[in-house]
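Asks: With the sequence up front, the predicted model follows.
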Amino acid sequence: MQSTLLDILILGLLVLVFGSIYRTRKTLRLRYWIAGWLFILAHFALLLLNPAGKLWLNVTGGLGIAALLLGGLCFLVASSPAFTKPGPALRAQVLLAAPVALFGFVAVFGFSNALMPAFLALVEYAVLSFVFRCWRQNRLILVASAICAVMAAVWAAHDMVTHQDIPGVYPVLTQIYLMNAVVYWYGFRRRSIGAVTTSAGLVAWGLVFPIAVSMAAWLPNIHVSGELWNLPKYFVEFGMILTLLEDDVIETARQREEYRVLFDGNPHPMWIFDSETLRFLKVNKAAVTQYGFSQAEFLAKTLREIRPPDEVPRLEEHLRAAGDNKLFTGPWTHIRKDGSAIKVEVDSHKIQFEGRCARFSLVQDVTERHQLYERLLFQAHHDILTGLPNRLLLKDRMEQMLAGSERHGDRAAILCIDLDHFKQVNDTYGHHVGDICLQEVAALLRDKLRVTDTIARSGGEEFIVLLGQLKNRGDAAGVAQVLIDAFRQPLLIEGHMVNLTASIGIALFPTDGTAAYELWRLADSAMYRAKHAGGNQYGFAGDENGVLQLDEMELQMGEFS
């Protein structure tokens, strides 16, 4: 009784180990293993019962033998490739288990010898049909199963002829557990401790029955402890657990190798860096090639050292905000060993690397894409010929200037500049020289004005200048006079001396108005008044008598609005 309780306790604890593993690895193979050990536990639990009366004694005996047989069948099914896939055929399992389970009851209740051979044949048919169905391509398993079946049949026949108790039960148990040893070894096909221990334990478990019967018949005076006969099942259970742990080790090694291949051979730069210090812990070959640093040089650096100093605070803020979450950021500027800059997008997530909290990063060079985007953005907001802001960007700059002037209480001015008689330049020297003139005018304006001032080309030979942070009307007049004087200097273009003059109209904020559209209209009107007065001069919107009606001006204002 005490040894049986100990068996139940040890087996139960090991079943709990299987259960804890099953929570993270829900495979059908493990499910069948657990079911098999639960049947074995039920067998030992039935041994604790001491029923009164022959009927109940036979019932518990039949249940105990059925549990032992079903445990072996569960192990056999677990090793089957056909039954470890999702959706196994339930009917096939029932057809396999039912005759095997009933066989124990037939033997225990002592049915006639005429019924026993038929039941034995049914059991052998069910077991061998299952084996041939699952391993029809494996000659070793088929031959071994056939040999085990023949030996079991001969032994069972001897039991029936000599009128042994529970005839055929021990032969069938021996057959099932020896077959388990063969299919288990073939299923894992590796000389690991777990596979060897389990296969050897199953062989010993199968041989326990003929050895025990032989010793009882030929060496009746030798007493062997029951615990000795139960040792093989512990080897099997421990071996199965070791096999699962080995599977984890093998899978981890496989994943590590796949990761190494993907990491080292990836065409995109990859690295792992410490989450706290930002020091590089590992970089791939693509990173070394792309950035020009050697492996040793990379590992001596931190992520901060390949970033421009002004980006570092934003980088650290992003990493703090990300925490354990995946982070996709960019474009960032990275500095290579030769000092050149590239634009990158970075996809990173948190990992554990060699016991450290780290982040894995995949870096994609988007320099060309970013440059294309910048070019398209520039072209959308700038004049192609001169590179100055166009009307679209001018509107935004004007709104910003007026808002800033209102906020700080400053004055501002809008200057409309139109080149006098520019059509004659095109007609005399050609449009090519005329285009160069416009480019030279743009350069002249940049040279004479402040960096904070906005210069735009609004169309044709007309330019717009936005002046902010003015104190009075005289500041705007001074700038206009500087420009008028600068235009009087002839331009040497491809051997031609080109003389240019300009007319300038000025509208002041907030004296002449507060709306961008209104100020531009007034400055444009003042410019046309200066041009009609002979050109080569400037005028203020406030000095205008009446409202100038010009269809061309109204058309341009309509485009701006």
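Replies: Sure, I can see it. This one's a predicted model, so the numbers in the text were calculated from it and none came from an experiment.
Asks: Which parts of stretch 476-487 count as buried, going by neighbours?
Replies: Using 16 or more other CB atoms under 10 Å as the test for burial, stretch 476-487 gives 476, 479-480, 483-484, 487. Backbone N, C-alpha and C define where each C-beta goes, glycine included.
Asks: quick one: average pLDDT of that stretch?
Replies: Average pLDDT, stretch 476-487: 94.
Asks: got a list of contacts for that stretch?
Replies: The contact list for stretch 476-487 (CB atoms under 8 Å, 6 or more residues apart in numbering) reads 413, 415, 417, 419, 441, 444-445, 448-449, 465, 467, 470, 500-502, 504, 506, 508, 536-538, 540.
Asks: and with 10 Å instead?
Replies: With contact meaning CB atoms under 10 Å, 6 or more residues apart in numbering, stretch 476-487 is reached by 411-415, 417, 419-420, 441, 444-445, 447-450, 453, 463, 465, 467, 470, 499-508, 530, 535-540.
Asks: Please spell out which residues along stretch 45-57 are buried.
Replies: So for stretch 45-57, counting by 16+ other CB under 10 Å, buried means 45-47.
Asks: swap that for stretch 492-509, please
Replies: By 16+ other CB under 10 Å, the buried positions in stretch 492-509 come out as 493, 498, 500-509.
Asks: Share the number of residues neighbouring residue 472, please.
Replies: As a burial measure, residue 472 scores 10 neighbours (other CB atoms under 10 Å).
Asks: from what I can see residue 429 touches residue 499, true?
Replies: No. Using CB atoms under 10 Å, residue 429 is not in contact with residue 499, being 11.5 Å away.
Asks: circling back: what's the PyMOL line that selects buried ones from the contacts of stretch 476-487?
Replies: Those of these that count as buried under 16+ other CB under 10 Å are selected in PyMOL with:
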select buried, resi 411+412+413+414+415+417+419+420+441+444+445+448+449+453+463+465+467+470+500+501+502+503+504+505+506+507+508+530+535+536+537+538+539+540
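Asks: sorry, back to before: tell me which of the buried residues of stretch 45-57 fall in helices.
Replies: Within the buried residues of stretch 45-57, residues falling in helices by DSSP state H are 45-47.
Asks: Over to residue 280. Which of the three states is it?
Replies: Secondary structure, DSSP: H, G, I helix; E, B strand; the rest coil: residue 280 is strand.
Asks: That one and residue 286, how far apart?
Replies: 14 Å (CB to CB, to the nearest Å).
Asks: One more: residue 530?
Replies: Taken as CB to CB, the span from residue 530 to residue 286 is 63 Å.
Asks: Residue 260 now?
Replies: 14 Å.
Asks: repeat for residue 335
Replies: From residue 335 to residue 286 the distance is 17 Å (CB to CB).
Asks: out of the two, which sits in the more crowded spot?
Replies: A direct count of neighbours by other CB under 10 Å for residue 335 and residue 286 places residue 286 higher, at 19 against 15.
Asks: Now name the helix or strand holding that one.
Replies: Residue 286 is located in helix 285-291, with elements delineated by DSSP states H and E.
Asks: Quickly run through the sheet partners of the strand ranked longest in the chain, with directions.
Replies: Under DSSP state E, the strand in the chain containing the largest number of residues is strand 341-353. Pairing partners of strand 341-353, with direction, according to DSSP bridges: strand 327-335 (antiparallel), strand 356-365 (antiparallel).
Asks: Which of the ones you listed sits closest to residue 436?
Replies: Smallest distance to residue 436 across the strands paired with strand 341-353 (CB to CB): 35.1 Å, for strand 327-335.
Asks: and that closest one, which residues are buried?
Replies: 327, 329, 331-334.
Asks: swap in stretch 352-366?
Replies: By neighbour count on 16+ other CB under 10 Å, the buried set for stretch 352-366 is 353, 358-363, 365-366.
Asks: quick one: residue 508 is in a strand?
Replies: Yes. Residue 508 sits within a strand when classified using three-state DSSP.
Asks: quick one: contacts for it?
Replies: Here residue 508 is in contact with 411-414, 467, 470, 472-473, 475-476, 519, 522-523, 540-542 (criterion: CB under 10 Å, 6+ apart).
Asks: and which of the residues you listed is nearest to residue 151?
Replies: For the contacts of residue 508, the nearest to residue 151 is residue 412 (107.1 Å; CB to CB).
Asks: That closest one against residue 398, yeah?
Replies: Yes. Counting by CB under 10 Å, residue 412 does reach residue 398; the two are 9.2 Å apart.
Asks: Find the residues that touch each one of the two.
Replies: Common neighbours of residue 412 and residue 398 (criterion: CB under 10 Å, 6+ apart): 466, 509, 519.
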